[in-house]
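*Asks:* pasting the structure only:
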């Protein structure tokens, strides 16, 4: 059970981590600027997430997921405020759509942990892992050096 909860938190964190980029701007960024800001925010997000204590039980999972979600929401909001290169808007919109879904899944994890529903959490892990892999693929193809890697 402990391993499943830890895997869930890691999967959700990685899924969200790979897309969070930038600090908000009204000017269009170049692709290089987008990558630079993205990698910077992914590094910061990872550092924050790495400080969260390992989970041992449902209560820990609920608390940890709330912390990860708060960090992820901040990064998502910053990324959403960016004005990407015009030619890259479709890819960025695809990123944001996946990340929004993963943020919603974190709410489901929080509820499942509060209900101590291991079966529900297992289902969420499977769905989140698929979305996280797709997001990682998009980030890597876009050119992020930190976002989209296993180490990010």
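*Replies:* Nice, I can see it. Just so you know, these numbers come straight off a predicted model, no measurement behind them. Numbers count the residues shown, from 1 in each chain.
*Asks:* ok, residue 114 touching residue 61?
*Replies:* No - counting by Cβ atoms under 8 Å, residue 114 sits too far from residue 61 to count as a contact (9.4 Å). In short, each C-beta sits where N, CA and C put it, glycine included.
*Asks:* Same drill for these two, tell me which one is more crowded.
*Replies:* The residue with more neighbours, out of residue 114 and residue 61, is residue 61; 25 against 12, by other Cβ atoms under 10 Å.
*Asks:* element containing that one?
*Replies:* Secondary structure from DSSP states H and E places residue 61 in helix 58-81.
*Asks:* about what we covered before: need the overlap of contacts for residue 114 and residue 61.
*Replies:* Common neighbours of residue 114 and residue 61, using Cβ atoms under 8 Å, 6 or more residues apart in numbering, do not exist here.
*Asks:* Distance check, the residue of the chain most remote from its centre against residue 81.
*Replies:* Distance from the C-alpha centroid of the chain, by Cα atoms, centre = their mean, peaks at residue 27 (24.5 Å). Using Cβ to Cβ, to the nearest Å, residue 27 is found at 11 Å from residue 81.
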